[in-house]
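After the sequence you'll find the predicted model.
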Amino acid sequence: MKRIFNFSAGPAMLPESVLHQAADEMLDYKGSGMSVMEMSHRSKTYQGIIDEAEADLRKLLNIPANYKVLFLQGGGTTQFAMVPMNLMKNRVADYIITGHWAKKAYDEAKIFGKPNIIASSEDKLFSYIPDLKNLKYTPEADYVYMCENNTIFGTKYKSYPDTKGKILVNDASSCFLSEPLDVTKFGLIFAGAQKNVGPAGVTIVIIREDLLAIPPLPGTPTLLQYKIHADNGSMYNTPPAYGIYICGLVFKYLLGIGGLEAVKANNEKKAAILYNYIDSSKIFKGTVEKASRSLMNVCFRTGEPALDEAFLEGAKKAGFSNLPGHRSVGGMRASIYNAMPLAGVQALVDYMQKFEAEHVK
Ligand SMILES: *Cc1c(COP(=O)(O)O)cnc(C)c1O
């Protein structure tokens, strides 16, 4: 067996110890005689699994009692619709556009009402987070929408907008559990699991309880109502049971290594190795303003498409997978989520240095 350094933006690497544990428990989960995959979600054993996953997530993020934790399906993309269907009672909302995913969410909201763009970084190819100080909120806006870490462009918010009491909605898909997060700043946080916490198929929603009293828009299907999931402990129908189990193992693992402060310190260390080298390099350039840099998705390029191509070809041969940037932007992107070991980042930098030495005259 050979594991390689996988720089995929998602689905992405998971902690090796979690994969081992899942393998060990695959055929017989704790003496139940069956795999978690085969287990009734109404069984006592499974109830224990989902309860423990929720309790551990609450511990990790310090989630206050007046917030519900939901384990849903449909990915981040379904949230682009669920958010307006459940929160857009005046059919008006304010969106901050910092990349591909925020734009998708904005476009989806148009199906249901009138989303307004109150800030955007599209003028410079989403290479920065807009100034959040003087945002002009629409008085009737039901919520303000942001995407905390921009997976494709490699930017991240370093502070949050003060929405003056308006509900703040955060797509935290690609930075979820990479560092501590002050849940109380938000009305709703969502994250697809496959970037940092588990297999694709689980979407985590953290929602403030009072938001569940907002009537969904007429015609909202039962399964797309947050309140239905909250009232039924994420078990109105069959949840993504096995995926939730894996997320639970990851939560336990993160608590075991010291919680999110320790995770953050590790992520900062990894990102610094890569950014410091890029900043000192004669051929590689970071594509993002320094103050907006993501710890999870590091985007860079040489400026010469042919050289980028040569770099990527060599990288593949050297055993690094998934380094090409998103098809909409090109260049390179190294996604270094929680589970990417420091050795993987160091190995990448070693390869970059070697490439530079061979290509700079
Ligand atoms: C990947 C991603 C999404 C889309 O997630 P799906 O699960 O594929 O629907 C949404 N937002 C962000 C920030 C992402 O990184």
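Looks like it came in fine.

Do the host helix or strand of residue 250 and the ligand come into contact?
Following DSSP states H and E, one finds residue 250 within helix 241-256. No - counting by C-beta under 6 Å from any ligand atom, the ligand is not contacted by helix 241-256; separation bottoms out at 11.7 Å. In short, each C-beta sits where N, CA and C put it, glycine included.

CA atoms only for the helix or strand where residue 262 lies - export them in CSV, please.
Following DSSP H and E, one finds residue 262 within helix 259-280. Extracted in CSV, the C-alpha atoms of helix 259-280 (Å, rounded to 0.1, in the frame of the first residue of the first chain):
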residue,chain,number,x,y,z
GLY,A,259,-8.8,20.8,19.6
LEU,A,260,-9.1,23.7,17.1
GLU,A,261,-6.4,25.9,18.7
ALA,A,262,-3.9,23.2,18.1
VAL,A,263,-5.3,22.5,14.6
LYS,A,264,-5.0,26.2,13.8
ALA,A,265,-1.3,26.3,14.9
ASN,A,266,-0.5,23.3,12.8
ASN,A,267,-2.3,24.8,9.7
GLU,A,268,-0.5,28.1,10.2
LYS,A,269,2.8,26.3,10.3
LYS,A,270,2.1,24.4,7.1
ALA,A,271,0.8,27.4,5.2
ALA,A,272,3.8,29.6,6.3
ILE,A,273,6.3,27.0,4.8
LEU,A,274,4.5,27.3,1.5
TYR,A,275,3.8,31.0,1.4
ASN,A,276,7.3,32.0,2.7
TYR,A,277,8.9,30.0,-0.1
ILE,A,278,6.6,31.4,-2.7
ASP,A,279,7.4,35.0,-1.5
SER,A,280,11.1,34.3,-1.8
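
So which other helices or strands are in contact with that helix?
If you count contacts as 3 or more C-beta pairs under 8 Å, 6 or more residues apart in numbering; DSSP states H and E, helix 259-280 packs onto helix 44-61, strand 285-286, strand 297-301, helix 342-359.

closest one to residue 206 among the ones you listed?
With C-beta to C-beta as the criterion, residue 206 lies closest to helix 44-61 of the helices and strands packed on helix 259-280, at 7.5 Å.

What parts of this protein come near the ligand?
10, 75-77, 101, 147, 151, 171, 173-174, 192, 195.

Residue 113 is in contact with residue 85, isn't it?
No - with contact defined as C-beta atoms under 8 Å, residue 113 and residue 85 do not form a contacting pair (10.0 Å).

Those two: who's more crowded?
Legend: neighbour count by other C-beta atoms under 10 Å for residue 113 and residue 85, higher for residue 85 (21 against 16).

which SSE is that one in?
helix 75-87.

quick check: angle from the helix or strand that comes right after that helix to helix 75-87?
Proceeding N to C from helix 75-87, the next assigned helix or strand is strand 92-97, under DSSP H and E. Put simply, strand 92-97 runs at 150 degrees to helix 75-87, going by axes from the mean of the first three to the mean of the last three C-alpha atoms, to 10 degrees.

What helices and strands are in contact with the helix or strand immediately after strand 92-97 in the chain?
Downstream of strand 92-97, the next assigned helix or strand under DSSP H and E is helix 100-109. Counting contacts by 3+ C-beta pairs under 8 Å, 6+ apart, helix 100-109 packs against helix 75-87, strand 92-97, strand 114-120, strand 143-147, strand 149-150, strand 167-171.
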